[in-house]
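K.L.:
here you go, sequence then predicted model.
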Amino acid sequence: MQHRKDKAGNNLSALGLGCMRFPRDKSETERMILAAIEGGVNFFDTAYLYPGSEAALGEILAKHDKRKDVFIATKLPSMLCKNTEDFERFFLKQLHRLQTDYIDHYFIHNLPDFATWERLKGIGICEWLAKKTQEGKIHQVGFSFHGTYGEFVKILHDHPWDFTMIQYNYYDPNYQAGAKGLHAAAALGIAVMIMEPLLGGQLATGLPKQAVEIFEKSNPGLTPADRALWWLWNHPEITVVVSGMKSTQIMESNLNSIKNFHPFGVEESAIYEDVTALIRKSYKINCTGCNYCLPCPKGINIPACLSVYNTSYAQGYATGITLYANSTAIITKTPNSPRLCNSCGKCEKACPQKIPIRKELKRVAKRFEPLPLRPIFALIRKVIG
């Protein structure tokens with residue numbers, strides 16, 4: 001395992017385990033966490049809002065006496081906090097879930113703009129954080145960010161942060177805080193953690209065939225996922241790349257990737273520009289599959305709908321509509337088609353990517369459920385129902 005130092009001088013594993021997408025199988029989650037630790041991963045990123053994640057991580061670490069071997073990063077649900085008492089209430093619950101008496105890296109979760117940070121300051125977040133730090137309950141403080149570069153820099157310079165987390169990948173290095181935000185944080189000596197390194201898995205398994213061929217031609221031994229991770233590790237300003245892994249197999253693949261990583265130069269970097277150009281031609285919606293838009297009041301699997309829409313352009317309509325049928329249960333007795341959307345807007349308010357989801361769902365429905373196909377789906381439902 002390769003390591004990089006945070007602001008306090010701790011050696012953090014360059015590969016971190018994102019705990020938002022733990023497997024449903026608890027035993028598989030346990031195997032994955034233990035495999036990660038055995039492979040040298042010591043940075044585990046979870047959050048109050050990730051269903052079951054904190055409790056699962058805490059239980060497994062306690063069961064195997066591994067708490068002191070890792071750095072736990074978790075996140076305060078700032079959007080739910082109305083007063084100082086809320087900070088304390090959520091924090092105590094997190095300690096209980098994680099079966100620990102301190103948090104190594106504590107995030108203010110999902111700051112979209114400076115106004116949100118100002119609101120939190122107004123109800124005492126700075127004083128509360130200072131107290132918890134002095135008590136040794138929180139070792140380092142940071143924030144995760146979903147917003148524009150200008151807002152990011154304002155927040156960055158308004159508090160003595162220890163670290164931050166931004167979305168960053170080779171597909172769109174100028175998205176949100178982007179490359180300028182990365183360099184601004186590094187210039188202040190702030191550790192930078194990266195989320196969505198594979199764009200919700202799209203840079204691992206959803207690339208156009210031509211893009212995969214370009215990567216294979218340049219280095220046959222590397223997978224598309226390897227190439228995405230390597231591009232990030234090639235940035236010395238990045239401290240930890242947090243990957244949300246769903247299985248022990250994926251974990252072992254990523255461990256092999258960091259083991260074999262070595263810095264590369266301009267000529268190798270140019271390959272990513274060719275691949276990106278091909279991706280832009282095929283991907284239509286910049287969804288990362290974070291699931292913040294769920295649950296939908298109408299039961300629509302929004303991330304799946306947007307993902308298969310992209311897949312249908314990257315890998316062909318036949319592949320896309322097959323996945324669509326599975327994702328939306330469109331051929332079952334109780335389908336959850338995007339046509340059921342009532343435009344309530346709940347999903348768009350929660351989307352950190354600011355995707356016009358209601359508009360995109362109409363595009364998805366039009367592509368996969370045009371009028372000529374609807375009677376066919378109805379007939380299938382009648383036959384199997």
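P.N.:
Looks like it came in fine. Here the structure is a predicted model, which is why all the values come from computation and not from measurement. Residues are numbered from 1 along each chain as shown.
K.L.:
pull stretch 338-354 out as CSV, backbone CA atoms only.
P.N.:
Taking Å, rounded to 0.1, in the frame of the first residue of the first chain, the C-alpha atoms of stretch 338-354 are listed here in CSV:
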residue,chain,number,x,y,z
PRO,A,338,-40.2,7.1,-15.0
ARG,A,339,-43.5,7.9,-16.6
LEU,A,340,-45.0,7.7,-13.1
CYS,A,341,-43.0,10.9,-12.1
ASN,A,342,-45.4,13.5,-10.8
SER,A,343,-42.8,16.3,-10.9
CYS,A,344,-42.8,16.9,-7.2
GLY,A,345,-39.1,18.0,-7.4
LYS,A,346,-38.0,16.2,-4.2
CYS,A,347,-35.2,14.5,-6.1
GLU,A,348,-33.8,17.6,-7.6
LYS,A,349,-33.5,19.3,-4.3
ALA,A,350,-31.4,16.5,-3.0
CYS,A,351,-29.2,16.0,-6.1
PRO,A,352,-25.6,17.2,-5.4
GLN,A,353,-25.0,17.3,-9.2
LYS,A,354,-27.9,19.7,-9.8
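K.L.:
name the residues that touch it?
P.N.:
110, 112, 146, 286-288, 290, 292-294, 296-300, 302, 305, 328, 355-358, 361-362, 364-365, 369 (Cβ atoms under 8 Å, 6 or more residues apart in numbering). To be clear about C-beta, it is placed using only N, CA and C from the backbone, and glycine gets the same treatment.
K.L.:
all strands for the stretch 151-300 of the chain, in order.
P.N.:
Per DSSP state E, counting those that start in this stretch, the stretch 151-300 of the chain carries strands over the ranges 163-167, 191-195, 240-243.
K.L.:
okay, now the sheet partners of the shortest one, with direction.
P.N.:
Sheet pairing of strand 240-243 (DSSP bridges) gives strand 15-18 (parallel), strand 191-195 (parallel).
K.L.:
following element in sequence after the first one, please.
P.N.:
Counting by DSSP states H and E, the next helix or strand C-terminal to strand 15-18 is helix 26-38.
K.L.:
so what's the residue count around the closest residue in space to Met79 that isn't next to it in sequence?
P.N.:
Counting by Cβ to Cβ, 6 or more residues apart in numbering, Asn110 is the residue found nearest to Met79 once chain neighbours are left out, at 6.8 Å. Neighbour count for Asn110, taken as other Cβ atoms under 10 Å: 23.
K.L.:
next one: Leu229
P.N.:
27.
K.L.:
from Asn169, how far off is it?
P.N.:
Distance of Leu229 to Asn169, given as Cβ to Cβ, to the nearest Å: 10 Å.
K.L.:
now list whatever residues contact both of those two.
P.N.:
197-198.
K.L.:
show me which of the contacts of stretch 338-354 are buried.
P.N.:
110, 112, 146, 286-288, 290, 292-293, 296, 298, 300, 302, 305, 328, 355, 357, 361, 364-365, 369 (16 or more other Cβ atoms under 10 Å).
K.L.:
circling back to that earlier point, mind putting the strands paired with strand 240-243 into CSV with distance to Ile250, mean neighbour count and mean pLDDT?
P.N.:
Below are the strands paired with strand 240-243 laid out as CSV (distance: least, Cβ to Cβ, whole Å; neighbours: other Cβ atoms under 10 Å; pLDDT from 0 to 100):
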stretch, distance to Ile250, mean neighbour count, mean pLDDT
strand 15-18, 10, 27, 96
strand 191-195, 16, 24, 96
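K.L.:
and Val141, which of those strands is closest to it?
P.N.:
strand 191-195 (11.3 Å; Cβ to Cβ).
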